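A.B. asks: below are the sequence and a predicted model; questions follow.
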Amino acid sequence: MNSALVVMWHRQIKSYFRNRQRLAVTLVQPSLFLIAFRFGIGGMFEQSGRGNYIQFLIPGIVGMTILMSSTMGGMSLIWDKQFGFLKETLVAPVSRTSLLFGRCLGGATTSFVQGLIVLFLGFSMGFRIINWGLFPLALIVMFTIALLFNLLGTSIASKFDDMHSFPAIMNFMVMPMIFISGALFPTDGFPPVIKFLVKINPFTYCNHLLKYSMGSAALHSILLDIAVIVIIVSILGSLGTYFFNKMET
Amino acid sequence: MIAIDVKNLTKKFDQFVAVDDISFQVEKGGIFAFLGPNGAGKSTVIKMMTTILYPTDGSIFINNYNIHNEKSEVRKSIGVIFQDHTLDDELTAYENLYYHSALYKIPERIRREKIDDMLHYVGLLDRKNDLVRTFSGGMKRRIEIARGLLHSPTILFLDEPTLGLDVQTRAFLWNYIKKINEEQGITIFFTTHNMEEVENIATKIAIIDKGRILSQGTSKEIKKATKTKTLENAFLTLTGYGIREQSADK
Ligand SMILES: Nc1ncnc2c1ncn2[C@@H]1O[C@H](COP(=O)(O)OP(=O)(O)O)[C@@H](O)[C@H]1O
Ligand SMILES: [Mg+2]
């Protein structure tokens, strides 16, 4: 362990798994969603001839789990500001870029693991991977989504000091992103205004690529998804680096 | 040799001038105290010298490195104990020091030994595997001192290090600081509003209030300049008798 990136990565993972309570909370929420949607609208979905709902829902729930836990990755930065540990890292002779990416890769790793756990939960509910050849892509996509939203959460958190307003703002962003992405139910019945929001929602593309890599038919070219994700990760990476370099305490 | 060289340093938060055109120098191997009431600007100056807050104006050289463009060199050569605790409560004492040693690139093969040595010096080796969350304020401070010295800095900054500590821990801490200053020649810069500490420990003093240095020199020089008999009277003469509100450190 010699680079700051590895140190921060290691530390984020360690403190994450040490806090059992947090771990439980981030797993209970998607499980509840999974059960509610499975039994709430599964029948309707299948009656309308759209195929097996579990096959549709599970990749969406996996994506949702990753999205929710990743944006909350920013919360650890707020905690570190509040409880002082941030100063210890800012005063160390290491680049701010490595602090940012170490944190975000650490957060991405834990979000990825949570996504995997929910995926296994899905298997137990009858979800099947149809094309195992695409499965490595699914894993890569899961990790990349996790990184993307960790960068988003952490960049925003670098601008906030308040333990209360940050989760509120995150929830305000995350919930609509999930509901108008096509993750939990299809978006084709939405009115045009909302359809437009679907199009500008970054999570739409994450979800589409994740569903595709787990066996759903593509609704548009996945090259579009890949392009959107790569561009957003680059933008957030640069923005986060800029914010971290400017960060004072 | 000059360890710390601050010239015309100013820090504004929006319109508010927290540090107002101050200059001072600290000799290598010296113990320099910033004495000032709450809100004087002590922490703000320490944060700028330790590269985590950007000055509005003026220059700072630490071990002849410019804090503007030689941050990394500055950071390597200093140890910092901030006013508020900066340990990770969810990690053990050992883990806190281990991550520190990795961030400061202390060679892997000597890390364990070095950490154990430092924990031994501050009397907490037997608690090394306990979570910091379970420690008292005084124990946390001792861990922070151990951590601040782990990478063998040549200057140690301490921002109100004894605030809220019991008499025993205070005594231990200052004895230890004196010892490392004498034996290893580490330059010490600390802030406080405790006269006794200043009088007993510091070789040079600056009295600071409302962002300005009102007087600096040895205790003797300051008393002479203010025509007072005790440092406390000198302090009150310079800063007045108005009561200051305590504000949380940001
Ligand atoms: N980030 C900040 N934003 C605005 N004002 C600040 C900030 N940090 C400190 N101050 C103000 O600057 C003054 C000096 O603060 P500080 O350096 O913490 O004083 P001291 O450490 O001597 O008690 C205080 O009035 C404080 O309220
Ligand atoms: Mg202070």
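C.D. replies: Everything's here; your move. The shown structure was predicted, so the numbers you read here are calculated from the model rather than taken from an experiment. Ligands and ions are numbered 1, 2, ... in the order given.
A.B. asks: so A:Ser98 sits against A:Thr89, correct?
C.D. replies: No - counting by CB atoms under 8 Å, A:Ser98 does not reach A:Thr89; the two are 10.0 Å apart. The C-beta positions use only the backbone N, C-alpha and C, and glycine is treated the same way.
A.B. asks: what sits against the most centrally placed residue in chain B?
C.D. replies: Residue closest to the average C-alpha location in chain B (CA atoms, centre = their mean): B:Leu158, at 1.7 Å. Contacts for B:Leu158 (CB atoms under 8 Å, 6 or more residues apart in numbering or on different chains) come out as B:80-81, B:148, B:177, B:188-191.
A.B. asks: can you list those in JSON lines and add distance to chain A, neighbour count and secondary structure?
C.D. replies: JSON lines is the format used below for the contacts of B:Leu158 (distance: CB to the nearest CB, whole Å; neighbours: other CB atoms under 10 Å in any protein chain shown; DSSP: H, G, I helix; E, B strand; the rest coil):
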{"residue": "B:Val80", "distance to chain A": "5", "neighbour count": "26", "secondary structure": "strand"}
{"residue": "B:Ile81", "distance to chain A": "10", "neighbour count": "21", "secondary structure": "strand"}
{"residue": "B:Gly148", "distance to chain A": "10", "neighbour count": "23", "secondary structure": "helix"}
{"residue": "B:Ile177", "distance to chain A": "19", "neighbour count": "20", "secondary structure": "helix"}
{"residue": "B:Ile188", "distance to chain A": "17", "neighbour count": "22", "secondary structure": "strand"}
{"residue": "B:Phe189", "distance to chain A": "14", "neighbour count": "27", "secondary structure": "strand"}
{"residue": "B:Phe190", "distance to chain A": "16", "neighbour count": "25", "secondary structure": "strand"}
{"residue": "B:Thr191", "distance to chain A": "15", "neighbour count": "25", "secondary structure": "strand"}
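A.B. asks: which two of those residues have the greatest separation?
C.D. replies: Using CB to CB, the contacts of B:Leu158 span at most 14.6 Å, a distance reached by B:Gly148 and B:Thr191.
A.B. asks: count of residues packed around residue 199?
C.D. replies: No chain was given, so I picked chain A. Using other CB atoms under 10 Å in any protein chain shown, A:Lys199 has 11 other residues around it.
A.B. asks: chain B is the one I meant
C.D. replies: So B:Glu199, with other CB under 10 Å, has 15 neighbours.
A.B. asks: which parts of chain B are helices?
C.D. replies: Under the criterion DSSP state H, chain B contains helices at B:42-49, B:71-77, B:93-103, B:108-121, B:137-150, B:167-184, B:195-201, B:219-226, B:231-239.
A.B. asks: helices or strands up against the longest one?
C.D. replies: Spelled out, it's helix B:167-184. strand B:31-35, helix B:137-150, strand B:155-159, strand B:187-192, helix B:195-201 (3 or more CB pairs under 8 Å, 6 or more residues apart in numbering or on different chains; DSSP states H and E).
A.B. asks: quick one, which of the ones you listed is nearest to A:Val6?
C.D. replies: Short answer: helix B:137-150, nearest of the helices and strands packed on helix B:167-184 by CB to CB, at 18.4 Å.
A.B. asks: centre of the chain to that closest one, how far?
C.D. replies: Relative to the chain's own centre, helix B:137-150 is displaced by 12 Å; criterion: CA atoms, centre = their mean, to the nearest Å.
A.B. asks: tabulate the helices of chain B (CSV), appending mean pLDDT and distance to A:Ser15.
C.D. replies: Output for these, formatted as CSV (pLDDT from 0 to 100; distance: least, CB to CB, whole Å):
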stretch, mean pLDDT, distance to A:Ser15
helix B:42-49, 98, 25
helix B:71-77, 97, 23
helix B:93-103, 97, 10
helix B:108-121, 96, 19
helix B:137-150, 96, 17
helix B:167-184, 94, 27
helix B:195-201, 91, 35
helix B:219-226, 93, 45
helix B:231-239, 91, 43
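A.B. asks: which of the ones you listed sits closest to A:Trp132?
C.D. replies: Taking the helices of chain B one by one with CB to CB, helix B:93-103 is closest: 38.9 Å.
A.B. asks: name the residues that touch the closest one?
C.D. replies: A:1-2, A:4, A:6-7, A:10-11, A:14, A:88-89, A:92-94, B:87-88, B:91, B:111, B:114-115, B:118-119, B:124, B:127-130, B:132, B:135, B:143, B:146-147, B:150-151.
A.B. asks: one more: stretch A:32-48?
C.D. replies: Against stretch A:32-48 from outside (CB under 8 Å, 6+ apart): A:52-54, A:56-58, A:61, A:64, A:118, A:121-122, A:125, A:184-185.
A.B. asks: list just the nearest of those residues to ligand 1.
C.D. replies: A:Met64 (37.1 Å; CB to the nearest ligand atom).
A.B. asks: read off the pLDDT value for the spatially most central residue of chain A.
C.D. replies: For chain A, the residue sitting closest to the mean C-alpha position, by CA atoms, centre = their mean, is A:Leu67 at 2.3 Å. Reported pLDDT at A:Leu67 in the predicted model: 95.
A.B. asks: spit out the contact partners of it.
C.D. replies: A:Leu67 neighbours (CB under 8 Å, 6+ apart): A:145, A:149, A:174, A:177-178, A:203, A:206.
A.B. asks: which of those residues fall in strands?
C.D. replies: Residues from the contacts of A:Leu67 lying in strands, with DSSP state E as the criterion: none.
A.B. asks: most surrounded residue in those residues?
C.D. replies: Result: A:Phe149 is most packed of those (other CB under 10 Å), 34 neighbours.
A.B. asks: and that one, how close does it get to chain B?
C.D. replies: 23 Å (CB to the nearest CB, to the nearest Å).
A.B. asks: now that residue, nearest residue through space, not along the chain?
C.D. replies: Once flanking residues are discounted, A:Phe149 sits nearest to A:Ser70: 3.4 Å by CB to CB, 6 or more residues apart in numbering or on different chains.
A.B. asks: now for the residue of chain A at minimum distance from ligand 1, how many residues are close by?
C.D. replies: Using CB to the nearest ligand atom, A:Glu248 is the residue of chain A that sits closest to ligand 1, at 7.7 Å. Using other CB under 10 Å, A:Glu248 has 11 other residues around it.
A.B. asks: tell me the pLDDT of the closest residue to it other than its chain neighbours.
C.D. replies: In this structure, A:Glu248 finds its nearest non-sequential neighbour in B:Leu53, 4.8 Å apart by CB to CB, 6+ apart. We note a pLDDT of 97 for B:Leu53 in this prediction.
A.B. asks: which residues does B:Leu53 contact?
C.D. replies: A:248-249, B:11, B:44, B:47 are the contacts of B:Leu53 under CB under 8 Å, 6+ apart.
A.B. asks: go ahead and build a PyMOL selection from the buried members of those.
C.D. replies: This is the PyMOL syntax for the buried subset of the contacts of B:Leu53, where burial follows 16 or more other CB atoms under 10 Å in any protein chain shown:
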select buried, (chain A and resi 249) or (chain B and resi 11+44+47)
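A.B. asks: the contacts of B:Leu53 into CSV, with extra columns for distance to ligand 2?
C.D. replies: CSV is the format used below for the contacts of B:Leu53 (distance: CB to the ion, whole Å):
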residue, distance to ligand 2
A:Glu248, 15
A:Thr249, 13
B:Lys11, 13
B:Thr44, 8
B:Lys47, 9
